[in-house]
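**Q** got a structure for you, letters missing:
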Ligand SMILES: Cc1cc2nc3c(=O)[nH]c(=O)nc-3n(C[C@H](O)[C@H](O)[C@H](O)COP(=O)(O)OP(=O)(O)OC[C@H]3O[C@@H](n4cnc5c(N)ncnc54)[C@H](O)[C@@H]3O)c2cc1C
Ligand code: SF4
């Protein structure tokens, strides 16, 4: 039994002070990931700082025309928010592709960004894992690695980030707002999560005394041409083997802007801007999509059980682009 203390923060400043001054203190929001980690003994916090009553639970319009998602708004309330559904349907779809209705009712936006990998060995205390215990070794590299990464891996860790929401936020180029003892910061979404390198125990660039306050969506929502395709072992209640968020601007049959982000393939949502730019200014055809699919996984390396993900990712990119470009048109 690992005993811990509990406190409920009444404002953001005191929440930050609590985690900044108490060794082993962590925030708890919906608890859907953290409580599992505590029950499995993967995480052993000395103190839980409950942030659920902080005033970070609103979705509000931004002066620049974007939308601010409070860190404590639930995933369900975000996905079904009228503005999100109408202006950022890609985000709504991605959230609803994840977990279950019950979990989405509890899970918060901040917690979704911070959720930890689903690598089986990370949860299994009987096996070495560099993410859980730096220097211990990685059981997945020579183990059962069917769900693991094919891009951006290191010889220390080949885990993937499990979120669906984060894949859409990457394509939308959201900005994460945080506050800590050093003041406020805005972190572009692409810089929020990290590749494993030789510090796989660190998932994000959030400092230990910082709290996420909001996730800001830019004005452009790609509501006319988008797709979130999630390929998984079951059609519900399963994490992605590969997912693709596609967001396009089109002028007739010509693509004028492309954003593509992949989930299930790396330690963070994966973007390859060179591959994306191949589509800009050209007509939407399957041949072009296949070329982009090839380019986006260039450099991918499979392990014993997950090489299939390379071909799967290419095909998922083609399918997502087909969905996104055909929106609002009749089949020809
Ligand atoms: C069975 C199951 C299936 C799931 N399937 C999917 C899926 O298919 N797709 C998907 O995307 N997700 C899935 N999830 C994950 C789920 O979306 C996350 O557990 C959830 O989003 C975490 O949010 P939370 O508020 O419950 O976080 P918590 O569990 O409360 O916290 C998680 C972490 O975030 C930190 N944290 C929370 N809020 C903040 C903040 N504001 N600032 C800084 N740190 C913070 C906590 O300290 C903790 O480290 C699944 C979960 C379960 C249990
Ligand atoms: S892939 Fe990462 S999380 Fe999984 S066992 Fe290796 S070090 Fe641990």
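**A** Good, I have the coordinates. Owing to the predicted nature of the structure, the values given are computational and were not obtained by experimental measurement. Ligands and ions are numbered 1, 2, ... in the order given.

**Q** most proximal residue of the stretch 201-332 of the chain with respect to ligand 1?
**A** residue 212 (3.6 Å; Cβ to the nearest ligand atom). All C-beta spots, glycine's among them, are computed from the backbone N, C-alpha and C.

**Q** how near is that residue to residue 57?
**A** 13 Å (Cβ to Cβ, to the nearest Å).

**Q** with neighbour numbers in mind, choose between those two.
**A** residue 212 (27 against 15; other Cβ atoms under 10 Å).

**Q** please verify my assumption that that one contacts residue 192.
**A** No. With contact defined as Cβ atoms under 8 Å, residue 212 does not count as touching residue 192 (9.0 Å).

**Q** what residues are shared contacts of these two?
**A** Common neighbours of residue 212 and residue 192, using Cβ atoms under 8 Å, 6 or more residues apart in numbering, are 113, 176, 206.

**Q** enumerate every residue touching the last one.
**A** Right, residue 206. Counted by Cβ under 8 Å, 6+ apart, residue 206 has contacts 114, 176, 178, 187, 192, 212.

**Q** can you tell me the element it falls in?
**A** Assigned by DSSP states H and E, residue 206 belongs to no helix or strand.

**Q** quick check, pLDDT for it.
**A** Here, the pLDDT recorded for residue 206 equals 98.

**Q** do you know how far it is from residue 176?
**A** 8 Å.

**Q** what's the overlap in contacts for those two?
**A** Shared contacts of residue 206 and residue 176, counting by Cβ under 8 Å, 6+ apart, come down to 187, 192, 212.

**Q** for residue 197, which three-state class applies?
**A** coil (DSSP: H, G, I helix; E, B strand; the rest coil).

**Q** I'd like to know how far it sits from residue 23.
**A** Taking Cβ to Cβ, one finds residue 197 at 25 Å from residue 23.

**Q** with residue 223 instead?
**A** 46 Å.

**Q** do the same with residue 158
**A** For residue 158 relative to residue 23 (Cβ to Cβ), the value is 31 Å.

**Q** over to residue 194?
**A** Shown here: residue 194 relative to residue 23, a distance of 23 Å by Cβ to Cβ.

**Q** neighbour count winner among these two?
**A** residue 194 (16 against 8).

**Q** the more buried one reaches residue 187, doesn't it?
**A** No. If you go by Cβ under 8 Å, residue 194 and residue 187 don't touch, sitting 11.4 Å apart.

**Q** identify the contacts common to those two.
**A** residue 205.

**Q** for the stretch 151-300 of the chain, list the residues in contact with ligand 2, please.
**A** 157, 158, 159, 200 (Cβ under 6 Å from any ligand atom).

**Q** may I see the ChimeraX selection of the buried members of those?
**A** With 16 or more other Cβ atoms under 10 Å as the criterion, this ChimeraX line picks the buried residues out of those:
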select :157,158,159,200
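
**Q** let's have the residues of the stretch 151-300 of the chain next to ligand 2 in TSV, adding distance to ligand 1 and secondary structure.
**A** Below are those laid out as TSV (distance: Cβ to the nearest ligand atom, whole Å; DSSP: H, G, I helix; E, B strand; the rest coil):
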residue	distance to ligand 1	secondary structure
157	18	coil
158	19	coil
159	15	coil
200	16	coil
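
**Q** from the residues of the stretch 151-300 of the chain next to ligand 2, pick the one nearest residue 309.
**A** Closest approach to residue 309 among these (Cβ to Cβ): residue 158, at 11.3 Å.

**Q** hang on, that closest one packs against residue 141?
**A** Yes. The pair residue 158 and residue 141 passes the contact test of Cβ under 8 Å, sitting 5.9 Å apart.

**Q** quick check: neighbours shared by these two?
**A** Jointly contacting residue 158 and residue 141 under the rule Cβ under 8 Å, 6+ apart are residue 303.

**Q** where does the protein have low pLDDT?
**A** 328-332 (pLDDT under 70).

**Q** try it again at 50.
**A** 330-332 (pLDDT under 50).

**Q** residues from the stretch 151-300 of the chain in reach of ligand 1?
**A** Residues of the stretch 151-300 of the chain lying near ligand 1 (Cβ under 6 Å from any ligand atom): 162, 163, 164, 165, 211, 212, 239.
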